[in-house]
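> Compute the structure for the input listed below.
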Amino acid sequence: MITRVPAAMAAPRQPTYTALTRPLPALPPHPKPKPAVVEETPPDEESVPIEIAERPLTRSEAVQQEEEVAALRRSPLGVRTVAIARMFAGTRYRRGGLSSRGMDCSGLVVRVMQMEGLNVPHHAATLYHLGTPIRTTSLQPGDLLFFRGSAHGGISHVAIWVGDNRFIHASSSNRGVTVDTLSGYYAKHFAGARRLKR
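This is a model prediction of the structure:
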């Protein structure tokens, strides 16, 4: 038997669609991104070039770095002397030599002092009579140390004081320019120290 569904329960009518007769309004153009503005700060007149960090330095970090650079420029000449001498570490020993191809103990001193603008004799015993005598308790980087040879007792070796009980010198044909401590053999044959006036 067929029963009639009341109108209220009947399926809803499907809406009908009609085509639009007028076009949609155009969308406004998308704004182009503005390029990032990089502000450049003019350097101070007295500033020194500094290494670029991964992030910008704060004002206090920049001031600290500038102070460190200025301190290095004011550092004692002896600190620079040691830095220059260390450039020759590993150079082979060559009697009478004073180049990077080989040097003896006084050759190292001559070469380092030349780079500091000072001409000195290429002879350890003669160097011993130059400058001001210095006690071991007053040694500063760059002072010269002298040693007596065991054969004749005269001055036969010279080195440059590094600090912390160490010195750099052209040691021997086996070791070349190296750093040693003022102990053992060297303490036993130590003859004195001099500070050259620069």
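
> how about the helices of the chain, start to end?
For the chain, the helices defined by DSSP state H occupy 59-74, 77-86, 105-115, 124-127, 185-189.

> Relative to Thr137, tell me which of those helices wins on proximity.
helix 185-189 (14.3 Å; C-beta to C-beta). Yep, even glycine has a C-beta here, placed from its N, CA and C like the rest.

> Give me the residues contacting the closest one.
Contacts to helix 185-189, defined as C-beta atoms under 8 Å, 6 or more residues apart in numbering, come from residues Phe147, Arg148, Gly149, Ser150, His157, Phe167, Asp180.

> before we move on, the earlier item: export the helices of the chain as TSV, with columns for mean neighbour count, mean pLDDT and distance to Leu98.
Putting the helices of the chain into TSV (neighbours: other C-beta atoms under 10 Å; pLDDT from 0 to 100; distance: least, C-beta to C-beta, whole Å) gives the following:
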stretch	mean neighbour count	mean pLDDT	distance to Leu98
helix 59-74	11	62	27
helix 77-86	19	86	13
helix 105-115	22	93	3
helix 124-127	18	94	13
helix 185-189	13	93	22
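
> what's the closest of these to Ile134?
Of all those, helix 77-86 sits nearest to Ile134, with 11.1 Å by C-beta to C-beta.

> Run through the chain and note the low-pLDDT ranges.
Along the chain, segments meeting pLDDT under 70 span 1-57, 65-76, 150-151, 198.

> Select the longest strand from it.
strand 155-163 (DSSP state E).

> quick one: buried residues of it?
Of the residues in strand 155-163, Ile155, Ser156, His157, Val158, Ala159, Ile160, Trp161, Val162 count as buried by neighbour count, 16 or more other C-beta atoms under 10 Å.
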